[in-house]
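1. Sequence first, then the predicted structure:
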Amino acid sequence: MGAGPHAPLSQKRNDMNHFLDIHKTDANDLRAMIDQAGAMKRARLGRPKAALDEAQPLKDRMVALIFEKPSTRTRVSFDVGVRQMGGQTMVLSGKDMQLGHGETIADTARVLSRYVDMIMIRTFDETILTEMAEYSDVPVINGLTDRTHPCQIMADVLTFEEHRGPIAGKKVVWTGDGNNVCASFLHAAGQFGFDLTFTGPAQFDPEEEFMGFARQKGSQIVVERDPFKAVEGADLVVADTWVSMHDSQSAKERRHNLLRPYQVNTELMSHAKPDALFMHCLPAHREEEATSEVMDGPNSVIFDEAENRLHAQKAVMRWCLGV
């Protein structure tokens, strides 16, 4: 016999925060995450990599890690980060989920919300991310889409500030393709208060929407075709891969021909500030977008970037769950 209506098994949490994009997150919250990431990293100095964090803020929490796109850094850094904070992960591939094919994104989000405490998704189409967040009763984190890569840029800001202090007011130069990582760098320019110059072929300019956001926030956003002029006075020079794993061979060759003048090499770096840092989010095609001499040189912080994915994402996850 029924005893009246039952309470719903799942309902939206009042303290729930999605981390979908840098420009959709309050600037003060972003700053707090960077500061917390640095504090957590310092607290781990000298401790075994596999050790649990003393506070264990994710104790008894389950996090779903969904990968429609293959990954090394995103998968390992999120998995390790959850475990270090005392939680557990469930790693699901696109083949496991068949997102949007056998079941709608909305229904998948509703079902997963009954099982896990948080969802990280690395996918292709931005609408998959936004629909997942719209119908999820737990926080959703953007692990990458074709348009943006906010977790990477949180790690990059943390890395820059470790080496050179506050990034506000600095000049960042992006070379090559105005891709999803570049988009998030532009969002970060507006939110953290630095300037950004893009140098690359007109065919690969960043979207006007991304540049417009940063300009509205007061950042100086410049498009300069001459890479040597672009890097003058740069505090940071950033490159990324020129090709996608999905590009055809002919498409790769066309892109290489257009982007070759924008390779980051010793000559180009000599036109930036003497202490300018070099970043690349990896994986890299050495001797293409950047030379090994630069990547392995004294101003390169590419492996600090890779490590800081772990620390930055731990802070993002804590913010999402309010812990």
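-> Yep, that arrived. Residues are numbered from 1 along each chain as shown.

2. Quick check: phi and psi at residue 69.
-> phi -110, psi 140 (degrees, to the nearest 10).

3. Give me the neighbour count for residue 95.
-> 8 (other Cβ atoms under 10 Å). The way it works is simple: take the backbone N, C-alpha and C, and place the C-beta from them, glycine included.

4. actually residue 61, not the one I typed
-> Around residue 61 there are 20 residues (other Cβ under 10 Å).

5. gap between it and residue 115?
-> Distance of residue 61 to residue 115, given as Cβ to Cβ, to the nearest Å: 12 Å.

6. element containing residue 121?
-> strand 118-122 (DSSP states H and E).

7. looking at this protein, which helix or strand does the model trust least?
-> Scoring the helices and strands of the chain by mean pLDDT, DSSP states H and E places helix 94-97 at the bottom, with a mean of 75.

8. by contact count, what packs against that helix?
-> strand 62-67 (3 or more Cβ pairs under 8 Å, 6 or more residues apart in numbering; DSSP states H and E).

9. Report the rounded mean pLDDT for the strand it packs on.
-> For strand 62-67, mean pLDDT rounds to 97.

10. elements contacting whatever helix or strand comes next after that strand?
-> Per DSSP H and E, strand 62-67 leads on to helix 73-84 as the next helix or strand towards the C-terminus. Secondary-structure packing of helix 73-84 (3+ Cβ pairs under 8 Å, 6+ apart): strand 62-67, strand 88-93, strand 140-144, helix 302-321.

11. Pull out the buried residues from helix 73-84.
-> Within helix 73-84, the residues that count as buried by 16 or more other Cβ atoms under 10 Å are 73-75, 77-84.

12. Quick one: mean pLDDT for that helix?
-> 97.

13. Report the angle between it and strand 62-67.
-> Interaxial angle, helix 73-84 versus strand 62-67 (axes from the mean of the first three to the mean of the last three Cα atoms, to 10 degrees): 170 degrees.

14. can you offset everything so residue one is 333?
-> All set: I'll call the first residue 333, so the last point we hit is now helix 405-416.

15. before we move on, back to that, of the helices and strands packed on helix 405-416, flag the one that's most buried.
-> Sort the helices and strands packed on helix 405-416 by mean neighbour count, taking mean count of other Cβ atoms under 10 Å, and strand 472-476 sits at the top with a mean of 26.
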